[in-house]
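A.B. asks: Sequence and predicted structure are below.
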Amino acid sequence: MKIRFIKKIGILFGAFLLVGISLLHSNMYAASIGQRLAEPEAGWQRYDETAPFLYYTGQWTKAEAAVVGDHYKNTYSYTTDIKNGKLHFTFYGTKLRYIGQSYLNKAQVVRIKIDGKEETFRQQGTNTYITLNYEKVGLPLGYHKVEVSFDDAMLMIDAIDIDEDGMLVGENTPLQLEASGGDRQVTLKWDSVSNAESYTVKYGTESGKYTETATATKDVYGNFVIPGLTNGTKYYFVVSAKVNGADSEYSNEASATPQGGGGQTDPEQPTGNRAILVVTMTTGLEKEFDLSMKEVNDFISWYEGKQAGSGSASYAINKHDNNKGPFSSRKDYMLYDRILTFEVSEYSK
């Protein structure tokens, strides 16, 4: 009995020792606020302060390190513009680190808002370069909007660290794209983009490969329907915004599978949501298409956009069941400068 008791004590001691070593090992290399962090730690990736999608307002100065190695990639940026000097960006991930500097002439109060919730940190202190000034972990996986400002002295940034599989996102990029399947259709919604002129949706049946394109007006981002899809087939979608005539980066990819609704009207048959589009060409030729109202509105949006000076020179109209031969689809490409007029005759409900 005594020998067995001693043996149990030895096993428990070994288990506690193993746990203690594991905890010590897990924290041994975890940086603390105020420490130098010359390179990102495992599980993190670093963006230099010059990276695209880091946006600065007010007066900022980009400087080079006086001594090689004092700053990440030997550059840093700073501002003394207390009233207007701000940094803002959006990232996808769950955690964030602000890499700056600790020095006597730096800000005592730095304000950082993440998704509108404000916290503070400081940069004033003992001189340390490439310093971990702030850390936030445990955010829900998704997009997070960040704004950094300050109350006094000087604000400096060297870099930011986020999840190793996260990313910075352009300010005009549509966020939070979601897709839900219906009968032969998918409904999309995403966060609106300020000053967006229109949105472009790309989709296909393979992740990362988009073979179809649809145009959405600036007002339909909350409920945009892609009709004419195949039930039981999974589709993948991304969306970009057009701002000042330029297309943004694509959003996150969303997917959905249309499912039969049972007894619902065939979307390819005339209903109150369909119309006849007749396009008269400059040659006098008339082209007639039986389309959904979404397709008609997409065509009108393209035409009006091109009339305003933006957009592609041609537009593809799907001919649907007018297909002949062993083709998966047939499209009629309309040239803007060849269109004389067009007429829309909507079916009665």
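C.D. replies: Yep, it's here.
A.B. asks: Any figure for the gap between residue 150 and residue 120?
C.D. replies: Note on residue 150: its distance to residue 120, by C-beta to C-beta, to the nearest Å, is 9 Å. (Each C-beta comes from the backbone N, C-alpha and C, glycine too.)
A.B. asks: now do residue 242
C.D. replies: Counting by C-beta to C-beta, the gap from residue 242 to residue 120 is 38 Å.
A.B. asks: more crowded one of these two?
C.D. replies: The residue with more neighbours, out of residue 242 and residue 120, is residue 242; 21 against 13, by other C-beta atoms under 10 Å.
A.B. asks: Helix or strand for that one, just tell me which one.
C.D. replies: strand 235-243 (DSSP states H and E).
A.B. asks: Also residue 290?
C.D. replies: Residue 290 belongs to strand 286-292 when assigned by DSSP H and E.
A.B. asks: Now do the buried residues in that strand.
C.D. replies: By neighbour count with 16 or more other C-beta atoms under 10 Å, strand 286-292 contains the buried residues 289, 290, 291, 292.
A.B. asks: ditto for stretch 210-225
C.D. replies: Within stretch 210-225, the residues that count as buried by 16+ other C-beta under 10 Å are 210, 212, 214, 215, 216, 217, 218, 220, 221, 224, 225.
A.B. asks: With just CA atoms, put it into CSV.
C.D. replies: The C-alpha atoms that make up stretch 210-225 are tabulated as CSV, following Å, rounded to 0.1, in the frame of the first residue of the first chain:
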residue,chain,number,x,y,z
TYR,A,210,-16.0,33.6,-61.1
THR,A,211,-17.5,33.2,-64.6
GLU,A,212,-20.5,35.5,-64.3
THR,A,213,-20.9,39.2,-63.6
ALA,A,214,-23.9,41.3,-62.4
THR,A,215,-24.1,45.0,-61.7
ALA,A,216,-26.0,46.4,-58.7
THR,A,217,-27.0,50.0,-58.2
LYS,A,218,-25.7,51.8,-55.2
ASP,A,219,-29.0,51.4,-53.3
VAL,A,220,-29.5,47.6,-53.4
TYR,A,221,-26.6,46.4,-51.3
GLY,A,222,-28.9,45.1,-48.6
ASN,A,223,-31.0,42.8,-50.8
PHE,A,224,-29.6,41.9,-54.2
VAL,A,225,-31.0,38.9,-55.9
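A.B. asks: who's in contact with that stretch?
C.D. replies: With contact meaning C-beta atoms under 8 Å, 6 or more residues apart in numbering, stretch 210-225 is reached by 174, 182, 185-193, 196-205, 226, 236-239, 294, 297-298, 301-302.
A.B. asks: separation between the nearest residue to residue 333 once chain neighbours are set aside and residue 338?
C.D. replies: Using C-beta to C-beta, 6 or more residues apart in numbering and skipping the chain neighbours, the partner closest in space to residue 333 is residue 314 (4.8 Å). The span separating residue 314 from residue 338 equals 9 Å under the rule C-beta to C-beta.
A.B. asks: ok, now residue 204?
C.D. replies: 29 Å.
A.B. asks: try residue 105
C.D. replies: Residue 105 is 66 Å from residue 338, where distance means C-beta to C-beta.
A.B. asks: Residue 290 too?
C.D. replies: Look at residue 290 and residue 338: by C-beta to C-beta, they are 21 Å apart.
A.B. asks: Over to residue 39?
C.D. replies: Between residue 39 and residue 338 the computed distance is 58 Å (C-beta to C-beta).
A.B. asks: higher neighbour count, those two?
C.D. replies: Each of residue 39 and residue 338 has its neighbours counted (other C-beta under 10 Å); residue 338 has more, 13 against 10.
A.B. asks: For that one, which residues are in contact?
C.D. replies: For residue 338, counting by C-beta under 8 Å, 6+ apart, the contacting residues are 281, 282, 283.
A.B. asks: 7 Å instead?
C.D. replies: By C-beta atoms under 7 Å, 6 or more residues apart in numbering, residue 338 lies in contact with 281, 282.
A.B. asks: pLDDT wise, what is the nearest residue to residue 125 once chain neighbours are set aside at?
C.D. replies: Residue nearest to residue 125 in three dimensions, not counting chain neighbours: residue 102, with 4.1 Å by C-beta to C-beta, 6+ apart. Residue 102 carries a pLDDT score of 94 in this model.
A.B. asks: Test of understanding: give the bridge partners of residue 102.
C.D. replies: Each beta-bridge partner of residue 102 is listed here, defined by DSSP bridges: residue 128.
A.B. asks: which residue ranges form the helices in the stretch 201-349 of the chain?
C.D. replies: Counting by DSSP state H, counting those that start in this stretch, the segments of the stretch 201-349 of the chain that form helices are 293-307.
A.B. asks: what mean pLDDT does the strand holding residue 242 have?
C.D. replies: Per-residue pLDDT values across strand 235-243 average out to 94.
A.B. asks: which other helices and strands contact it?
C.D. replies: For strand 235-243, the elements it packs on are strand 185-189, strand 198-204, strand 254-256, judged by 3 or more C-beta pairs under 7 Å, 6 or more residues apart in numbering; DSSP states H and E.
A.B. asks: ok, that strand: who's next to it in the sheet?
C.D. replies: The partner list of strand 235-243 in its sheet, established with DSSP bridges, is strand 198-204 (antiparallel), strand 246-247 (antiparallel), strand 254-256 (antiparallel).
A.B. asks: Sweet, I'm off.
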